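Novice: how would this look folded up:
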Amino acid sequence: LLQEIIFMMEDSSSLDPLCIILVKSGAHGGKLLFRYPFNAHPSHPTSPNNIIRDNPYALTISEDLLNQRVNTEPTNIKDGQLDGLSDETLANLFSVSKIMCGAKFELKLNDVRFVGHPVSLEPDASCESLVRKTTITMFHIVFALRAVGNYSIVSCYHELSQRLGLILKHEEQRVGYLTQQRRRLTAAQDEIVSVGEVD
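Specialist: Prediction:
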């Protein structure tokens, strides 16, 4: 145990999440509400291994593909951050059904492990008297971690996701906090998109 603690202290980068993601699902489908750090320059999966060619009409010779694959493992980590997955892909991956809510969520994709605990906002059969004030049916806080990390770290991030989820669920039911913040985030995203179109 002491050796594990010393190893984790030496390699503190394995403790830090690559990305924190908040996804909601509701009447209008799944949507990524928040991603930190924000991926300002998403990679272009236009060619194998994300190689961007000068000429988009150039053909790739099959022998070149074989040579490129030698000793190359697919990776979704670049400069210590999550890379290569669009917001739409992340929203589709983490907008889970009600059946998966309330349980540990873990997904390993290449060299990244996604850990979360999806939370349902739909009332149970025993709570039919509650009036729904939101169109959000579920939300999911996900931490992207290095897949090679110690499993005790994964357990800690799962517990953190679960506790944050319970807090947000309570505040949503009490004052509609998540709905208010979703509206603010959506307005900010729309404003950024409109400013980008003007330029």
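Novice: so which helix or strand takes in the nearest residue to Leu145 once chain neighbours are set aside?
Specialist: Closest residue in space to Leu145, ignoring its immediate chain neighbours: Arg113 at 4.9 Å, by C-beta to C-beta, 6 or more residues apart in numbering. For every residue, glycine as well, the C-beta is placed using N, CA and C. Remark: Arg113 resides in strand 112-116, with elements defined by DSSP states H and E.
Novice: by contact count, what packs against that strand?
Specialist: Packing partners of strand 112-116 (3 or more C-beta pairs under 8 Å, 6 or more residues apart in numbering; DSSP states H and E): helix 87-94, strand 105-109, strand 136-146, helix 151-175.
Novice: Between the ones you listed, which one is closest to Leu33.
Specialist: strand 136-146 (7.9 Å; C-beta to C-beta).
Novice: Given the closest one, what are its sheet partners and their directions?
Specialist: Applying DSSP bridges to the sheet, strand 136-146 is found paired with strand 19-26 (antiparallel), strand 112-116 (antiparallel), strand 119-120 (antiparallel).
Novice: tilt between the helix or strand harbouring Ser194 and strand 136-146?
Specialist: With secondary structure defined by DSSP H and E, Ser194 is part of helix 177-198. Using axes from the mean of the first three to the mean of the last three C-alpha atoms, to 10 degrees, the inter-axis angle of helix 177-198 relative to strand 136-146 is 70 degrees.
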